[in-house]
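Student: next come a sequence and a model predicted from it.
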Amino acid sequence: MSLTALFALLGGLLVLAFLANRLFQWTRVPDVVVLMATGLLIGPVLGWVQPERFEGVARAFGSLALILILFEAGLDLDLRRTLRHFPGGVLLGFLTYALTTLAVGGIVWRNLGLPLRDAMAVGAIMGCTSSTIVLPILQQWKAREPVRVTLLVESTLGDILGVLTTQFLLEFDPAQGSAIKGLASRLALQVAISLLAALAIGYLWSKLLPFLSEQRFWQVLTFSMVLLLYAGAEAAKGSGLLAVLGFGLALSNLPGTRPEMATMFQWAVPQATQHQQILSFHSELSFLVRTFFFVMIGVVVKVRGLRAIWLLLLGVMGAIWLARWIGVQLTSWSWRECTPQDRKVVLWMLPRGLITIVLALAVVEARGAAMSFVPALAFAVILLTNLLVLIGGIHAARQAPALDPTELGGSPGGA
């Protein structure tokens, strides 16, 4: 492919991603489905793009998209308004993740005869809903605040649990002691390191921003701090993703940050706040990165391998749905101000996305050929769970016209 053709292709992909994102409120088809299908078309089907050119960078690209989206989620969350809905989201997140991991892991172990540790790693990959899908949907649907916060907390927690649990299972040695005790202690340590780093850097950065923002490219400097914080937290044996989320929360919620943010950047948008400028910049950047990542996944994933595991795929999808249903039934009592119709929305909001495929690539890298089926399985699960969101959205709209996305439209910044 010539350089001119490559630039034309990249420009066309961004236009397609924008249109898919904007048309979601009418089609209810998540844009990730369109992007992955486009990757399949330009890669394996038409041969315009050679998969081997992108296999080496796919995981890094996905991790970058995840970092940006979690930082954006932290910036977009006002804890003072949403703490009352936190317990329900945390309970839903922990229970559904645990149920799904155990159910999917059990099915993989029974059907493929993998070591239990590796089978549970596959379950851990499939266990979490994707904040990269849920957040844009919630932005485009003006969901009621209790639903929005509950799902936001669940999906963000799920991303973190997915990373921590998968890493633990890949590194765990049964001879070293109890798995549950080891996971709990490691999780506590990583949370402590990550939150302390996020709060410290967030506090210092919030004090520097009123001065830095008078300079050009201050948003790029903030982005560089996000990357440095992620790398530092990982080097300190913490969770880089949790640190990035905490950094966004700190910038958005530390005392005095929001009022101060209304005094700057007058030359660009007179009435824009500093907080809105940072959020807008990172939202645009995450949209760009995730667009190319999902198209890239459609190009590089070898979907032909699904023929050999289609029965496993059906079992995995059944386990995901059943675990979701049980989790919703057992935790709905803890959701404050949620109606029966809200519960239906939560039930169908089970999309897998970026973290699932990133972890699938990591597992293959760590375990080799024995786990080569995982990326194709993850690809299919992402597509099917997003189609379930489509079906659930149509069903919910028919049951309650007030939830119709054409009436619920969200903030224009969804990516």
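Tutor: Structure's in. What do you need? Numbering: from 1, shown residues only.
Student: where in the stretch 151-300 of the chain is pLDDT low?
Tutor: Along the stretch 151-300 of the chain, the model assigns pLDDT under 70 to residues 172-184, 255-275.
Student: change it to 90
Tutor: Scanning the stretch 151-300 of the chain for pLDDT under 90 picks out the ranges 151-195, 205-222, 234, 236-242, 245-246, 248-300.
Student: can you give me the helices for it?
Tutor: In the stretch 151-300 of the chain, the helices defined using DSSP state H, counting those that start in this stretch lie at 179-212, 218-235, 240-253, 257-260, 274-300.
Student: doesn't A198 make contact with F247?
Tutor: Yes - using C-beta atoms under 8 Å, F247 makes contact with A198 at a distance of 4.6 Å. Every C-beta, even on glycine, is put in place using the N, C-alpha and C of the backbone.
Student: if we can go back for a sec, of the helices of the stretch 151-300 of the chain, which is nearest P146?
Tutor: Comparison of those against P146 by C-beta to C-beta identifies helix 240-253 as nearest, at 19.2 Å.
Student: how about W335, phi and psi?
Tutor: Main-chain torsions, W335, degrees, to the nearest 10: phi -90, psi 120.
Student: show me the contacts for it.
Tutor: 85, 88, 92, 146, 150, 342-343, 346 (C-beta atoms under 8 Å, 6 or more residues apart in numbering).
Student: for L227, same thing?
Tutor: Counted by C-beta under 8 Å, 6+ apart, L227 has contacts I67.
Student: and the gap between it and G62?
Tutor: 15 Å (C-beta to C-beta, to the nearest Å).
Student: equivalent analysis for M126, please.
Tutor: 16 Å.
Student: same check, this time on T96
Tutor: According to C-beta to C-beta, T96 stands 23 Å off from G62.
Student: cool, and P146?
Tutor: Going from P146 to G62 by C-beta to C-beta gives 31 Å.
Student: out of these two, which sits in the busier spot?
Tutor: Neighbour totals were compared for P146 and G62, and G62 leads with 27 against 20 (other C-beta atoms under 10 Å).
Student: might you report the residue contacts of that one?
Tutor: 293, 297, 354, 357-358, 361.
Student: what do you get for F281?
Tutor: 219, 222-223.
Student: just the buried subset of these, please.
Tutor: Buried positions within the contacts of F281, assessed by neighbour count (16 or more other C-beta atoms under 10 Å), are 219, 222-223.
Student: pick the one among these closest to T166.
Tutor: If you rank the buried ones among the contacts of F281 by distance to T166 using C-beta to C-beta, F223 comes first, at 26.3 Å.
Student: could you give the number of residues near L83?
Tutor: 10.
Student: measure it to G298 for me?
Tutor: 39 Å.
Student: kindly report the same for T82.
Tutor: From T82 over to G298 (counting by C-beta to C-beta), the distance is 35 Å.
Student: do A360 as well
Tutor: With C-beta to C-beta as the criterion, A360 and G298 are 14 Å apart.
Student: out of the two, which sits in the busier spot?
Tutor: The neighbour count for A360 versus G298, taken as other C-beta under 10 Å, is higher for A360 (29 against 26).
Student: so that one sits in a helix?
Tutor: Yes - counting by DSSP: H, G, I helix; E, B strand; the rest coil, one finds A360 located in a helix.
Student: neighbours of the residue lying closest to it once chain neighbours are set aside, how many?
Tutor: Spatial nearest neighbour of A360, excluding adjacent residues (C-beta to C-beta, 6 or more residues apart in numbering): A378 at 3.9 Å. Using other C-beta under 10 Å, A378 has 27 neighbouring residues.
Student: what helix or strand is A378 on?
Tutor: helix 374-399 (DSSP states H and E).
Student: can I get the contacts of G62 in CSV with distance to A323 and neighbour count?
Tutor: Converted to CSV, those look like this (distance: C-beta to C-beta, whole Å; neighbours: other C-beta atoms under 10 Å):
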residue, distance to A323, neighbour count
F293, 27, 29
I297, 24, 28
L354, 20, 25
I357, 20, 28
V358, 21, 28
L361, 24, 22
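Student: could you single out the nearest of the residues you listed to L10?
Tutor: When those are compared for distance to L10 (C-beta to C-beta), F293 wins out at 13.1 Å.
Student: residue contacts, that closest one?
Tutor: By C-beta under 8 Å, 6+ apart, the contact set of F293 is 58, 61-62, 65, 354.
Student: try 10 Å
Tutor: 32, 35-36, 39, 54, 57-66, 132, 354, 357-358 (C-beta atoms under 10 Å, 6 or more residues apart in numbering).
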